[in-house]
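> Have a look at this prediction, sequence included:
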Amino acid sequence: MKNRHKRAALIVGGLAALGLAAALVLNAFRSNLVFFFTPTQVAAGEAPKDRTFRIGGLVETGSVKRAADGLTVQFVVTDTARQIPVAYTGILPDLFREGKGVVAQGKLGHDGVFVASEVLAKHDENYMPPEAAHAVEQAHKAAQSVKQ
Amino acid sequence: MSRRLINWFKYSSPQTFYPLAGKMIPWFATLAVLFGAAGLYIGFFVAPTDAQQGEGYRIIFVHVAAAWMSMFIYLVMAFWAALGLSLNTRLSGMMASALAPTGALFAFLSLWTGALWGKPMWGTWWVWDARLTSSLILFFLYLGFIALQSAIDDPRRADRAGAVLLLVGVINIPIIYFSVQWWNTLHQGASVSLTKAPTMARTMLWGMLLMVLSFWMYAIAAALYRVRCIMLERERNAGWVYELPEVKS
């Protein structure tokens, strides 16, 4: 074995050991690296109690209600399995839409309503022109009416 | 060794690589301008608006390309670092140092364009989610590498120390890339990947890929330009530098 082969083997071995260590550490921190909890996780009691945390999911279609002052909003966050009602006072981001992703930070009240102090829109990875989005929507509706 | 088609080791000496790099720079610079002009034209005039984000999505033409380059350049630097440590070639360390400022520039660009997009779209400049945090660490790794190399006077020792830092930090690259799959993040998942069809309109994709090519060409041209300066500086006492026509005159 030449010297340079020895050094190359040492580097590969070192990198493998580092990778393994990083994988173990990240695995151990898995639950702490979660940016938000889903409604199902909250229902299962995985979210911290009496402490602020974030919930994430989709804004349920037809659930957004605006109060008379124009700033207070109530909506329901769903992951299609469980729902959590959310109350928020403030300006919503541009991408906040019914049926789209959202991440809200706040506390879960005793009445089961999540009082948010910050609402962020979560965008999906799909980029398409408005006409294509319209076509997708039409196809979706058609498929649903066939099912019914 | 002599029966190889191309003797790669020949180009690992600064003396032969210096004129070769000088010849390649104008080509890569021209290509960078051409691809960049085409990419920006498609990005701003041809590509349609996005159904959800309107015109604001156009930041991806810079943001995604810069983010990819910041990760890719780091991988290239780590490759040179491994080569330099195992083969003890002089050129490897020079290439790694030459690439570092460009990589840092792209990491900085991806962070800032992301923040400028995040404020109107998400509603915040910055959140500490896994993707954003690991990208910030990548930027600090670039700065750390540059600082470490500048702190050591002997260039050969600086190369070795920098190479070890680069190889340790390479763990961060898969973490950045897969962070959106492994954890719940605010950042969206990948729209373009090797394993599935891209989830974006075709003209948008073309604009983005042209911008990536442009950044790629720019990075190569800038790194070659910088590596020539580094060669002259480190080899200023070597005979071949005195023989250069631009030094003689």
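Arrived safely. Just so you know, these numbers come straight off a predicted model, no measurement behind them.
> List the single closest residue to residue B:216 in space, sequence neighbours excluded.
Nearest residue to residue B:216 in three dimensions, chain neighbours excluded: residue B:69, at 6.9 Å (CB to CB, 6 or more residues apart in numbering or on different chains). From N, CA and C alone the C-beta is placed, and that goes for glycine too.
> Can you spell out which helices and strands pack onto the biggest helix by length in chain A?
Criterion DSSP state H: the longest helix present in chain A is helix A:3-28. Where contact means 3 or more CB pairs under 8 Å, 6 or more residues apart in numbering or on different chains; DSSP states H and E, helix A:3-28 is packed against helix B:60-87, helix B:155-169, helix B:172-182.
> What average pLDDT does the first one get?
Same thing as helix B:60-87. Across helix B:60-87, pLDDT averages out at 93.
> near chain A, anything from the helix or strand following that helix?
Toward the C-terminus, helix B:60-87 is succeeded by helix B:90-121 as the next helix or strand (DSSP states H and E). Yes. Interface with chain A: helix B:90-121 contributes B:120-121 (CB under 8 Å from any CB of the partner chain).
> Which other helices and strands does helix B:90-121 contact?
Using 3+ CB pairs under 8 Å, 6+ apart, helix B:90-121 is in contact with helix B:14-41, helix B:60-87, helix B:130-151, helix B:155-169, helix B:202-234.
> wait, doesn't residue A:122 sit right on residue A:56?
Yes. Here residue A:122 reaches residue A:56: they are 6.4 Å apart, a contact under CB atoms under 8 Å.
> Mutual contacts of these two, please.
A:101-103 (CB atoms under 8 Å, 6 or more residues apart in numbering or on different chains).
> What about those residues, which are in strands?
A:101-103 (DSSP state E).
> Give me the subset of those that also touch chain B.
residue A:103.
> Identify the residues contacting the spatially most central residue of chain B.
In chain B, the residue lying closest to the centroid (CA atoms, centre = their mean) is residue B:73, at 3.2 Å. Going by CB under 8 Å, 6+ apart, residue B:73 touches B:99, B:102-103, B:106, B:219.
> What segments of chain A are strands?
Counting by DSSP E, the strands of chain A are A:53-59, A:65-66, A:72-78, A:83-89, A:101-108, A:114-122.
> tell me the most buried of the helices and strands packed on helix B:90-121?
Looking across the helices and strands packed on helix B:90-121 with neighbours counted as mean count of other CB atoms under 10 Å in any protein chain shown, the highest average goes to helix B:60-87: a mean of 22.
> Report the contact partners of the closest residue to residue B:89 other than its chain neighbours.
In space, and not counting its chain neighbours, residue B:89 is closest to residue B:12: 4.8 Å by CB to CB, 6+ apart. By CB under 8 Å, 6+ apart, residue B:12 lies in contact with B:87, B:89-92.
> Give me the PyMOL select line for those residues, limited to the buried ones.
In PyMOL syntax, the buried subset of these is picked out as below (16 or more other CB atoms under 10 Å in any protein chain shown):
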select buried, chain B and resi 89+90+91+92
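> out of the contacts of residue B:12, who's nearest residue B:154?
Ranked by distance to residue B:154 (CB to CB), those are led by residue B:90 at 12.9 Å.
> didn't that closest one look like it was pressed against residue B:17?
No. Residue B:90 is beyond contact range of residue B:17, at 9.8 Å (criterion: CB under 8 Å).
> Could I get the pLDDT score of residue A:37?
pLDDT, read off for residue A:37, is 86.
> Next, format the contacts of residue B:12 as TSV and append distance to residue B:62.
Below are the contacts of residue B:12 laid out as TSV (distance: CB to CB, whole Å):
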residue	distance to residue B:62
B:87	37
B:89	35
B:90	35
B:91	31
B:92	30
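> Backbone dihedrals for residue B:54, both of them.
The phi and psi values for residue B:54, taken as degrees, to the nearest 10, are phi 70, psi -140.
> Okay, and the beta partners of the residue minimising distance to the centre of chain A?
Central residue of chain A (CA atoms, centre = their mean): residue A:56, 3.7 Å from the mean position. With DSSP bridges as the criterion, residue A:56 is bridged to residue A:103.
> Low-confidence regions, chain A specifically.
Chain A contains residues with pLDDT under 70 at A:1, A:31-33, A:132, A:144, A:146-148.
> domain parsing for it?
For chain A, automatic domain parsing gives the domain ranges A:1-33, A:35-122.
> Just say which of the ones you listed is most tucked in.
domain A:35-122 (a mean of 17).
> thinking again about what came up before, quick check: of the shared contacts of residue A:122 and residue A:56, which lies closest to residue B:146?
residue A:103 (34.9 Å).
> dump the residue contacts of the closest one.
Residue A:103 touches A:35-36, A:54-56, A:119-122, B:186, counting by CB under 8 Å, 6+ apart.
> just curious, which of these is nearest to residue B:199?
Nearest to residue B:199 among the contacts of residue A:103 is residue A:122, at 15.3 Å by CB to CB.
> Next one: that closest one from residue A:96, what distance?
Distance from residue A:122 to residue A:96, counting by CB to CB, to the nearest Å: 10 Å.
> okay, and the common contacts of those two?
By CB under 8 Å, 6+ apart, residue A:122 and residue A:96 have these common neighbours: residue A:102.
> Give me the neighbour count for residue B:111.
A count of neighbours around residue B:111, defined by other CB atoms under 10 Å in any protein chain shown, yields 20.
> isn't it right next to residue B:138, touching?
No. At 9.1 Å, residue B:111 does not count as touching residue B:138 under the criterion of CB under 8 Å.
> Kindly point out which residues are neighbours of both of those two.
In contact with both residue B:111 and residue B:138: no residue, using CB under 8 Å, 6+ apart.
> Give me the contacts around stretch A:128-140.
Applying CB under 8 Å, 6+ apart, the contact partners of stretch A:128-140 are B:48-52, B:200-201.
> Mind exporting the C-alpha coordinates of it to CSV?
C-alpha atoms of stretch A:128-140 as CSV (Å, rounded to 0.1, in the frame of the first residue of the first chain):
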residue,chain,number,x,y,z
MET,A,128,-47.7,26.5,-12.7
PRO,A,129,-49.4,29.3,-14.7
PRO,A,130,-52.9,30.4,-13.7
GLU,A,131,-54.5,28.6,-16.8
ALA,A,132,-52.9,25.3,-15.8
ALA,A,133,-54.1,25.7,-12.2
HIS,A,134,-57.6,26.4,-13.5
ALA,A,135,-57.5,23.3,-15.6
VAL,A,136,-56.3,21.2,-12.7
GLU,A,137,-59.1,22.5,-10.6
GLN,A,138,-61.7,21.7,-13.3
ALA,A,139,-60.4,18.2,-13.7
HIS,A,140,-60.5,17.8,-9.9
